[in-house]
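Asker: Any chance you can model this:
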Amino acid sequence: LVARKNVAVVVEAVRTLRAEGVDVTLDVYGDGPEREAIRTVIGERGLGDQVRLHGYRTDWVAQAASADIFVNLSEAEGFCIVVAEAMAAGLPVIAVDVGGIRDYGRDGENMLKLPAPDVRGARTAIIRLMDDRSLRERLGRRAREDMLGGYDAAACRRQVGKALLSR
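Answerer: A predicted model of the protein is given here:
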């Protein structure tokens, strides 16, 4: 948990939704230097029962697989393994259009993309997915297909082979 991941922005989106009467919860997996600051924000917003910090878990995907939506508001990423893992698990993803997400994420096809990590954009995307079960299912299904088809071991071998042959 580092500042550029914008977990506090997601927490604020949860607070906004709950203030509107929307029953949402947030499970946060990971650890880092911002953990206590995020815990403070959760406490200040009165969200101790709705936002849970699970810490680092090697099995986070298995635990999160039953979630309805995966949100990543990081403002800087490389490939972004955590988003790719969520997609491979079949979770509908909301993510900021940065790093590798630009390459493998397609807005409205296998995820919902945001231009920046902000509360209003996150809130709107969450409501859109909560209100449209078929969209959630379609995005999750397509995300899984794209990740398993484009990034499984065989696909990686093909891509490396193609890169080596083009030299």
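
Asker: the strands in the chain, which residues?
Answerer: 26-29, 51-55, 70-72, 93-96, 112-114 (DSSP state E).

Asker: Summarise which helices and strands the last one is packed against.
Answerer: Pointing back at strand 112-114 there. If you count contacts as 3 or more Cβ pairs under 8 Å, 6 or more residues apart in numbering; DSSP states H and E, strand 112-114 packs onto strand 93-96, helix 119-131. All C-beta atoms are positioned from the backbone trio N, CA, C, and that covers glycine.

Asker: which residues are in contact with that strand?
Answerer: 73, 92-97, 101, 105, 107, 121-122, 125, 128-129, 139 (Cβ atoms under 8 Å, 6 or more residues apart in numbering).

Asker: Mind giving me the packing neighbours of the longest helix along the chain?
Answerer: Ranked by residue count, the top helix of the chain under DSSP state H comes out as helix 133-151. Helix 133-151 is packed against helix 81-88, helix 101-104, helix 119-131, with contacts defined by 3+ Cβ pairs under 8 Å, 6+ apart.

Asker: just for the protein, where's the confidence low?
Answerer: Within the chain, no stretch falls below the threshold (pLDDT under 70).

Asker: how does it look with 80?
Answerer: Applying pLDDT under 80 to the chain flags residues 152-153, 155-156, 159, 163, 166-167.
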